[in-house]
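Trainee: 3D model of this:
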Amino acid sequence: MKHSTTGQRPVRTFAATTLTAILVTTSVLAVTSSEAEAIATGIRISGTGGDGVRLRSAPNTSSGSLAIIPEGASPDIHCFTYGTMVGNVNVWFKATYAGKTGFFASYYDNSSYRNEAELTAKYKVPKCGAAAPAPAPPPSNGPTRPTGEVGLANRGTFKPPRPRQAISSSAAVVAARASFNSYIAVLDRANHHNAESLARHYLSAAGSERGFPIGDLIWHERPLWGAMEWQLRHNAMAAYKSVASSSSDKAALASFTSGWVPYSAGCCDDWYWSLHSFSFAVRGDVWIGPRNASGFRQVQVRYRAAIYDKYDFNSEPRGARLLADKGQAAEFVVSQHTRTVYSSTTDASAQAKIGSMPFEW
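Mentor: Numbers count the residues shown, from 1 in each chain. Take a look at the predicted model:
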């Protein structure tokens, strides 16, 4: 492109490959709605001997004249393209002056550049027909308020159930099956229907995962309810304190989890015979919004609980372990989770509310 040399009229030179761009297509000449907006670049008309330069309808010296841009004037420039060589410069600027939009030869201005990239970088002038740069994204106000269900707790810490073993029908296995059926009958007579259902599933050797009415379990196991509530309050409070210290002009989000907590059901009701020892987890997140016009920040707490157990036998009650060893029964996963619960407040009362938050399901 062009560059200035000391003590003489600015000299503009171009690489030989650039000269092929002199032939300009009509699509480049057309004024389209996608063209860059006109900008004030600080480029001034110069070197015309006071005559000014013609603003033409196309980037060539044979096209019609739309206006005269006087010496020293700074037209608003849209973009640059290539056209008739004037002096040693084939760059023409598409510009607007006195309400007219056309092209003038860059030989008659005070700009200085060596290539297209430098021209655009120095004067913020794009090449005609080039895609406009994408607008800068708006400043982030932080994470949006979460919706939907809280993700389930990771089970990766648990050893999976054993797959079903090869089937064997020895006399000991037949006796163990009869004994386990007697155990199921006892559960039925005691109205331990959840325990009976899980025992029958074990004896079916299907090995598929089973759910259960988690609300009934929490309601009847009051110590479990209390343990879940403590985990909720303790972990949600820690998450809230972490987001409350964030910049007040942006939202912030923090997740929390109790991890898997071991629990043993109290003897000797339906749930004791159903699950006995199992694990539960409470997980969720705390979101705080930017400070609003009232001076408060909105706060949302989301949470849900999950229970996990592996239905198996580590000893020989009624031959239960033998049945699994011989393929007449199969271990399986028992799991269930609550719905996601939402609670909203503001930072003015968040600590008090989270500190006394009831566990719901």
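Trainee: can we go C-alpha only for contacts and neighbour counts from here?
Mentor: Will do.
Trainee: rounded mean pLDDT for stretch 292-306, please.
Mentor: Mean pLDDT, stretch 292-306: 96.
Trainee: next: stretch 174-189.
Mentor: The model assigns stretch 174-189 a mean pLDDT of 94.
Trainee: and for stretch 250-264?
Mentor: pLDDT averaged over stretch 250-264 gives 97.
Trainee: same question, stretch 233-241
Mentor: 98.
Trainee: what of stretch 193-213?
Mentor: For stretch 193-213, the per-residue pLDDT averages 96.
Trainee: list the buried residues of that stretch.
Mentor: 193-199, 201-203, 205, 207, 212 (16 or more other CA atoms under 10 Å).
Trainee: where's stretch 68-85 relative to the chain centroid, distance-wise?
Mentor: 46 Å (CA atoms, centre = their mean, to the nearest Å).
Trainee: could you dump it to PDB, C-alpha only?
Mentor: Extracted in PDB, the C-alpha atoms of stretch 68-85 (Å, rounded to 0.1, in the frame of the first residue of the first chain):
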ATOM      1  CA  ILE A  68     -15.900  18.300  -4.700                       C
ATOM      2  CA  ILE A  69     -14.300  17.600  -1.400                       C
ATOM      3  CA  PRO A  70     -12.200  20.600  -0.600                       C
ATOM      4  CA  GLU A  71      -8.500  20.600   0.500                       C
ATOM      5  CA  GLY A  72      -8.300  19.900   4.300                       C
ATOM      6  CA  ALA A  73     -11.800  18.500   4.600                       C
ATOM      7  CA  SER A  74     -12.300  15.200   6.500                       C
ATOM      8  CA  PRO A  75     -15.100  13.200   4.800                       C
ATOM      9  CA  ASP A  76     -16.800  10.300   6.700                       C
ATOM     10  CA  ILE A  77     -15.400   7.100   5.300                       C
ATOM     11  CA  HIS A  78     -17.300   3.800   4.900                       C
ATOM     12  CA  CYS A  79     -14.600   1.400   3.500                       C
ATOM     13  CA  PHE A  80     -11.800   1.100   1.000                       C
ATOM     14  CA  THR A  81     -11.600  -0.700  -2.300                       C
ATOM     15  CA  TYR A  82      -9.400  -0.800  -5.400                       C
ATOM     16  CA  GLY A  83      -9.800   1.200  -8.600                       C
ATOM     17  CA  THR A  84      -8.000   3.300 -11.200                       C
ATOM     18  CA  MET A  85      -4.300   3.900 -10.400                       C
END
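Trainee: what about it, average pLDDT?
Mentor: 95.
Trainee: name the residues of it that come out as buried.
Mentor: For stretch 68-85, by 16+ other CA under 10 Å, it's 69-85.
Trainee: what do you get for stretch 331-342?
Mentor: Buried, per 16+ other CA under 10 Å, within stretch 331-342: 331-338, 340-342.
Trainee: quick check: mean pLDDT across it?
Mentor: 96.
Trainee: what is the end-to-end distance of that stretch?
Mentor: From its first residue to its last, stretch 331-342 covers 35 Å (CA to CA, to the nearest Å).
Trainee: just the helices in the protein please.
Mentor: Assigned by DSSP state H, the chain shows helices spanning 26-29, 116-123, 171-189, 193-204, 214-220, 222-244, 270-274, 320-325, 350-355.
Trainee: what about the closest residue to residue 105 other than its chain neighbours, neighbour count?
Mentor: On the basis of CA to CA, 6 or more residues apart in numbering, the spatially nearest residue to residue 105 that is not a chain neighbour turns out to be residue 92, at 4.5 Å. By the measure other CA atoms under 10 Å, the count of residues near residue 92 is 24.
Trainee: quick one: residue 92 and residue 103 touch, right?
Mentor: Yes - with contacts defined as CA atoms under 8 Å, residue 92 counts as touching residue 103 at a distance of 6.2 Å.
Trainee: now do the shared contacts for the two.
Mentor: residue 59 (CA atoms under 8 Å, 6 or more residues apart in numbering).
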